[in-house]
Structures are given as structure tokens and as C-alpha cells.
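> just to be clear, the model below is a prediction. Sequence and coordinates:
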Amino acid sequence: MANREPDWSEIVRAHGARVLRIAVRITGSVHDAEDVAQDVFVEAYRFHRSGPVQSWAGLLVRLATLRSIDRLRRGRPAGRLADADRATNVGPYEEAVGRELAERLRGAVGRLPDQQAAVFTLVCFEQLTRDEVAASLDISPQAVSTALYKARQRLLSELSVFERGNRP
Amino acid sequence: MSAEGVASEFEPLEPPLDDAVRAVLAEPLSADAVARVHERAMNLDAPQEIVHRPRSRARRGRMFAAYAAAGLAALVLVAVVLTMSSHDAWARVADTLRGKAWVRLTLKVPPGTKIPGDLSLPETWFSAKQRTGARTFRKAAGFVDFAHQETWQYDPQKDTISVTSTRESVNADFGFLGLLLTLISPGEAAYELPPTTVEIVERDRREVADGDRRWVEFTFACRDARRKPADFRVTFRVDPQTNLPFEMTSTEKLAPGDPATERTYVVDYPESGPADIYALGVPRTAKVVDRRRKPTADEPQLQELFAAYDEVRKEPMESYKAVVMMTLPGKTDVLSAYRVRLDAEGLQVSAVDHDRLLALRQEVWSGKIVVPQDAEAWWKDQILKLPLGLPGGSDLVVPHEASYPKMTGGSGLEAYVPDLKSPDVTVSLDKQPQIGPAGTVLVRVRVETSSGFNDAAYWIAPDRGYQVLRSELRSKKERTDWDIYATVVDEVAQSPGGRWYATKARLGYVRQSGDELPERAGEDGVSTSVYRYYVDFQ
């Protein structure tokens, strides 16, 4: 039986939460993330109308990552995670310190080159495997490893001030 | 992070990076936000995308709502014509329309546009004779019986019909009609609509010829305070022979800076129309939920309390400068700080430069700087010397706003108190609560949402300027531990002119309503933040 191209509602249902999750983790703002998700789905909708897509997951993950990084670089998030959008208590660590760390990390990710930023966020925020990242970004697995190594070195140097011993 | 997940394939992350990634991963994603994204994305697959209506990020993707509102606006604007003063040039058109059994508006799409089989074009119906209106959009439908004060709305996803009173604020779209009925045709006040935010700011009539064809165009420039941008325009093309509109076009910007968007509706006049919501294709098996509010015994007292709260919080405050510091319980280290200024130019709030504050904290951590015994005073002085960073901050960092929060369940952006007329909002009053700060009354609010509910509780102190000394928020579909977000205003003061403001507040999570906020940082994975406000009146 030939593979049926899923209809739009199936695509949204299957991937909507993931697109939003990627955007929230990268931008740190639910408002910005919702806008990014909308832009991603509009872009994807054009693909949907123009013909079959080989991998909806791959396309949407890629778009969500790249558009979120764009948004992150554009400036300060439109708003912190709103209380109403907090689904659970925040933080496995001290809330405020955690928030500070998260914002620092986002700022540093925003200063990475595109490919390094995308690879780092997909590996560390979305926890994709090397092959999944490679497929999503249309690069080789070796390029994933290289980009991740460089991203980690750079982020580590930016966050070294937060070494546990340096904190109160 | 370093122990599981990607660890098997990649080297574990080093501590500060590992902690930072963990902090990001710990941030939750609410079902409400996911539902909003789904709604926005699903509605791309609708006629407005086929006609290439520009999107707008500022609209927050409420495409369905925008379209539904457009449908209602169309309904309302037919009513504009129907209710125009007889002194107006519109009177003849209005008379003619009033005499028609039904007026129907159907969205016009470019010739050859392929409409998916299961979709029909949005329609709006109105009958002045029967005092009813209706609309359809995709599989959703709405039916309004003005005479019986019933608004029926069908949600196809839930297969549910909700019934509300037309006069309730949830149906504020009809407020437009209400204003017009009140201002132009008081005799039609029987429509009993909620207060309107829409006004007609200008009207225009011109005759148009295109070859042999001639028509008259009537244009209304309208302003709706709830929209951004507020201005929009509606134009009717009227056949001068019959005095009947044959087309209506609405023109609006969906966000500031967007190009104006036009939607055109074909107007025709069927002899029969929908008698109820089922005539619009709604299945008779759909569940009917009667959401008409039944006033409670508390309502008069709640109205009084909210009116007092609203009045007091609007009282002017003298000019002041303040330093606001956020710390953790039992610690003097300042995690973030703000400088607030209120004067003739208004309110200005700025965070202190985060990098400079961090550098100062590092010197304290390393022992290069020894903080004197009066740590608070020392930090305050230091913060006054630090440069400012980004402007802005939440209401909680503003001393005279921290104890006057915007309560949940309000109708409209500027509403600070729950809307007692909304069917989505349930409010109760406990005049002698067993929990919470002494000398307060407790207001509990539940707001039903499309994906669950939001619960809130406010402990209000009538003898201390109606300040909210404790509030709790819970936005959940199911209960988990530590899911109540609480703000406690521990210390308050009065300005020289008698205006109340906060001097110390704490916020964090509690397990049960009324519980004390955890005193130790990081206890059970949650932390309480402590805000201190140092206000100097000028």
C-alpha cells in the first residue's frame, strides 16, 4: 500500500507540541515561541500545499530550530514564562539561580554560529541522536560532532563564571 | 542530562553547562500553550489562507476568532443599516433591508479557488423580522435569538453547543450593535446587548459607475477600542434601483504596520433562513451545555468589594524613587535588582545591568569584598551605583502595584477584577477565611478555559486599602505537588499622602492553599523569591 500523505490536521496534531517545545526552550518565552510556531507552520503549510514532504518531523524540527535561533538573536524575549503557562513548579534546582543560568545559556547560544547553535539545541534541548540531528539539518553525522564540540567549548567558556564553587 | 539521554552517545556536559541545560529542560510547557499553537496552525487550513489573507503575529494566531468576529461584524453592520436614523441617507436602505425575510452574507473568494470538499464558505445571516442572526465558519456555527436572549454556539471539536445569554459580556461582539441601537435607534433597545466598545467615527456616500453598471457605496469608518489597530472600515455596495446591498467589504489592518486586508461578502436575500442552530448543520446529537449565569447571594458584596478595589488601586501615588532587590530566603545575595521611578513623566522601571551586578556578586562570593553587617543597606547603596540595563519589569517590582495585582477572570486587557457576568468565571467570597493573612476576606475565582481551568485566590485587606496580601494561582488540568503559585505581601506601608504600597513580598510554590512558602532555598526542588522595596519619596 502506498504511503498516504497525512492531512494538515494530522501533521499539526503530531508535531505541534514538539515545535512549540523547541521554540520555548530556545527563546525562553512562551509568547515568542507561539509566534515562532506560527511562522514555522505557515512555512510548512506552503510545503504541504506544494507537494509531498519526505519527513514532516525533520522539516518541522529544522524550521523550529532555525526560526527560534533567529528570534533569539533578534533581541530580548517578549516576556518571561507567564505564570499561567507554567505547568508545574519550576526548577529541579533553585528556581532563581536556574532561571539565571538558563537565560545566560540562551544568550550564549544566540551568539554561536548558526550550525553550532542548531546542533547544540537539538542535541541538548531536544535530545536527538547524532543521526537524527544530521537528518534534520541535512548535514553529515561528522559535521554534527564537530559543531557540537565547538559549541560546547564556546558555551563552557561563557558559562565558567557559574562554576558551582563560584556560587554562594 | 549528563547521566542519561544523550550521554550514551556524546560526552557528558561539564558542570556549569550541564546545570544550565538542566535549567532549560526544567522549564515546563503548558497544555494551554500547545492548544493555542494547534488552534493557530489548524486554522491555516481554512478559506482565509486560500484567499491569501496576510497573517499577523500580533494577532496571536487567532484566525478562527478573527474570522468569527468578522462574521459577527458583518451581522452587526447589516444591523447598522437596519437601525440607522430615518434622517440619514441610509434610511431607505435600512427600510428595504428591514422588509426582507433574511439577509445573507457569504465570503467571496476569487473565481476558480479550490475549496476543500468538507468546507463551506463562512456565512452570516440576519433577520430583522424574526430578531435572529446566525453564522457558520467551517464546521463551527453560532445562532442568536435576540428575542429570547439566547446565544447558541457550536464547537465541532468538542461536539458541544454552549448556550449563553446574549446580554452577557462573553458575547461582547454584539456590543457593537448595542451601541448603535442605543445611539441611533433607542426603540430597538429590546435587543439587550452588552456594553459596546465600537463607535462609528465617519460615514460616507458616493455614487460609482463602472461601464454601464452603477451603484452607490456607503462607507462606515469604525473604531473598536478592543482591536489593535482599533480602526476599520466597512463598505456596502448598494443597487440604486432596489436599494439593496449586493456586496459588503470590510477593510482592516490585522496588526499595526500590516497592509490593510479586505474581505468581501456577497449579499443576497433568501426567503427562508435558519430557525435554530441545528438548521446550520449542527448534529442533533451534540451535547448542549447551558452556561447562563445564575446570580449568587455573594454577588452584590463582590461587586462592592471589586468596585472599592478598583477605585483604591487607581488612587494617585506621590513621586518616588525605589530600589527593588530580589533575594532568596535567608540569603543576602541579590539575584536581580530594579530601579523604579514615578514622577510627572510617568512610571519608569529598569533592571540593573545584569553583568555588572553579577561581577559585584562574584567579588562578594570570592571574598574580595566583605559585606558589612547591615547587608541590606550596603546592597541598596551598591545597586544605586550600578548602571541600568534593560527597561521593564513585572508589576511585582513596582512598589505601589505589587499589592494591587490584576486578578484573573477579567474581561478585557484593562480589567483588574473578575467579570462577574461572564459564564466562564465563578467567584465566591469568604468573609472570615480560616487560612491566609489576618484581617482579610478571601475571594476565590475559577476561570474555565478551553483546555481546563485556572484557579485563583485573593486575600484582600479592606482595612489596609483593599490590598491583596496573598494571592494564589493554579493553572492545571490535574493536580501535582507544589502546583500553587503564591505571592505573599508581608509588609506594607503608606505614602505621606496615604497611598498603600508593598515593602516586602515573597513568591514561590506551595502544596496546599494557605500553606506557608518554603523558607529554605531549594527545599523539595522549589525556591521562594523575596522582594524588598526601598521607597524614597521626593
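Alright, I've got the coordinates.
> when you work out contacts or count neighbours from here on, use the C-alpha atoms and nothing else.
Will do.
> secondary structure element holding the residue of the stretch 251-400 of chain B found nearest chain A?
At 5.9 Å from chain A, B:Trp365 is the closest residue in the stretch 251-400 of chain B, using C-alpha to the nearest C-alpha. Under the criterion of DSSP states H and E, B:Trp365 resides in helix B:354-366.
> could you do B:Glu448 as well?
Per DSSP H and E: strand B:441-449 holds B:Glu448.
> do B:Leu420 as well
Per DSSP H and E, there is no helix or strand for B:Leu420.
> all helices of chain A, in order?
Secondary structure of chain A (DSSP state H): helices at A:8-27, A:30-50, A:56-74, A:95-110, A:114-120, A:130-137, A:141-159.
> meant to ask about the stretch 351-500 of chain B, not that
Along the stretch 351-500 of chain B, counting by DSSP state H, counting those that start in this stretch, helices occupy B:354-366, B:375-385, B:399-402.
> B:Glu376: how many residues sit nearby?
17 (other C-alpha atoms under 10 Å in any protein chain shown).
> ok, now B:Ala377?
12.
> OK, contacts around it?
With contact set as C-alpha atoms under 8 Å, 6 or more residues apart in numbering or on different chains, B:Ala377 has no partners.
> before we move on, back to that, count of neighbours near the residue of the stretch 251-400 of chain B closest to chain A?
Residues near B:Trp365, counting by other C-alpha under 10 Å: 16.
> buried set for the strand holding B:Glu448?
By 16 or more other C-alpha atoms under 10 Å in any protein chain shown, the buried positions in strand B:441-449 come out as B:441-447.
> partner strands of that strand and their direction?
strand B:425-430 (antiparallel), strand B:452-461 (antiparallel) (DSSP bridges).
> possible to save those as TSV with mean pLDDT?
As requested, the strands paired with strand B:441-449 are arranged in TSV below (pLDDT from 0 to 100):
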stretch	mean pLDDT
strand B:425-430	92
strand B:452-461	88
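> rewinding a little: looking at the buried residues of strand B:441-449, which is nearest chain A?
Checking these one by one against chain A (C-alpha to the nearest C-alpha), the nearest turns out to be B:Val447, at 11.6 Å.
> quick one: that closest one from B:Asp159, how far?
21 Å (C-alpha to C-alpha, to the nearest Å).
> what's the answer for B:Thr96, then?
In terms of C-alpha to C-alpha, B:Thr96 sits 38 Å off from B:Asp159.
> run a quick neighbour tally on the nearest residue to B:Val447 once chain neighbours are set aside.
Distances taken as C-alpha to C-alpha, 6 or more residues apart in numbering or on different chains put B:Val425 closest to B:Val447, at 4.6 Å, once the chain neighbours are dropped. B:Val425 has 22 neighbours, counted by other C-alpha under 10 Å.
> again with B:Gln512
Count around B:Gln512 with other C-alpha under 10 Å applied: 12.
> quick one: secondary structure of it?
coil (DSSP: H, G, I helix; E, B strand; the rest coil).
> so where's chain A uncertain?
A:1-6, A:49-52, A:75-99, A:160-168 (pLDDT under 70).
> how much space between the residue nearest the centre of it and chain B?
In chain A, the C-alpha nearest the mean C-alpha coordinate belongs to A:Ile22, at 3.5 Å (C-alpha atoms, centre = their mean). Going from A:Ile22 to chain B by C-alpha to the nearest C-alpha, to the nearest Å gives 10 Å.
> and that residue, what does it touch?
Per C-alpha under 8 Å, 6+ apart, neighbours of A:Ile22: A:61, A:64-65, A:68, A:125-126.
> between those, which has the most around it?
A:Ser68 (30 neighbours).
> could you find the closest non-adjacent residue to that residue?
A:Ala23 (5.3 Å).
> you'd agree the one you found is up against A:His31?
No - A:Ala23 lies out of contact with A:His31 (C-alpha atoms under 8 Å); the separation is 9.9 Å.
> so which of those two has more stuff around it?
A:Ala23 (31 against 21).
> can you name the residue of the stretch 151-300 of chain B nearest chain A?
Closest point on the stretch 151-300 of chain B to chain A, by C-alpha to the nearest C-alpha, is B:Gln157, at 12.0 Å.
> residues in contact with B:Met326?
Contacts of B:Met326 (C-alpha under 8 Å, 6+ apart): B:334-337, B:529-532.
> can you confirm it is in a strand?
Yes - counting by three-state DSSP, B:Met326 is found in a strand.
> now it: closest residue in space, sequence neighbours ignored.
In space, B:Met326 is closest to B:Tyr531, 4.6 Å off (C-alpha to C-alpha, 6+ apart).
> bridging residues for that neighbour?
Counting by DSSP bridges, B:Tyr531 forms beta bridges with B:Met326, B:Ala505.
> so what's the predicted local confidence for it?
pLDDT recorded at B:Tyr531 is 91.
> where's it relative to A:Gln127, distance?
Taken as C-alpha to C-alpha, the span from B:Tyr531 to A:Gln127 is 36 Å.
> ditto for B:Gln130
Separation of B:Gln130 from A:Gln127 (C-alpha to C-alpha): 61 Å.
> now do the strands in the stretch 151-300 of chain B.
With DSSP state E, counting those that start in this stretch as the criterion, the stretch 151-300 of chain B has strands at B:160-165, B:198-210, B:213-224, B:231-239, B:244-252, B:261-268, B:287-290.
> buried residues in the third one?
If you call a residue buried by 16+ other C-alpha under 10 Å, then strand B:213-224 has these buried ones: B:215-224.
> quick check: angle from the helix holding B:Trp365 to helix B:375-385?
150 degrees (axes from the mean of the first three to the mean of the last three C-alpha atoms, to 10 degrees).
> for helix B:354-366, buried residues please.
B:354, B:357, B:360-362, B:364-365.
> now stretch A:123-140
A:123-130, A:132-137.
> how long is it end to end?
So stretch A:123-140: terminal residues 14 Å apart, C-alpha to C-alpha.
> quick one: it near chain B?
Yes - Stretch A:123-140 is in contact with chain B by C-alpha under 8 Å from any C-alpha of the partner chain, via A:123-125, A:127-130.
> B:Thr264: which of the residues you listed is nearest?
A:Phe125 (45.6 Å; C-alpha to C-alpha).
> correct me if wrong: that closest one contacts B:Val21.
Yes - here A:Phe125 reaches B:Val21: they are 7.1 Å apart, a contact under C-alpha under 8 Å.
> and the stretch 151-300 of chain B, which residues reach chain A?
Residues of the stretch 151-300 of chain B lying close to chain A by C-alpha under 8 Å from any C-alpha: none are found.
> in the stretch 151-300 of chain B, where is pLDDT below threshold?
For the stretch 151-300 of chain B, the ranges with pLDDT under 70 are B:167-198, B:225-228, B:254-259.
> now with 50, please.
B:172, B:174-187 (pLDDT under 50).
> skip the chain neighbours and tell me the closest residue to B:Arg104.
B:Trp125 (4.5 Å).
> surely the one you found and B:Gly142 touch.
No - shown here, B:Trp125 and B:Gly142 do not form a contact pair, counting by C-alpha under 8 Å, at 10.1 Å.
> residues shared between the contacts of the two?
B:134-135.
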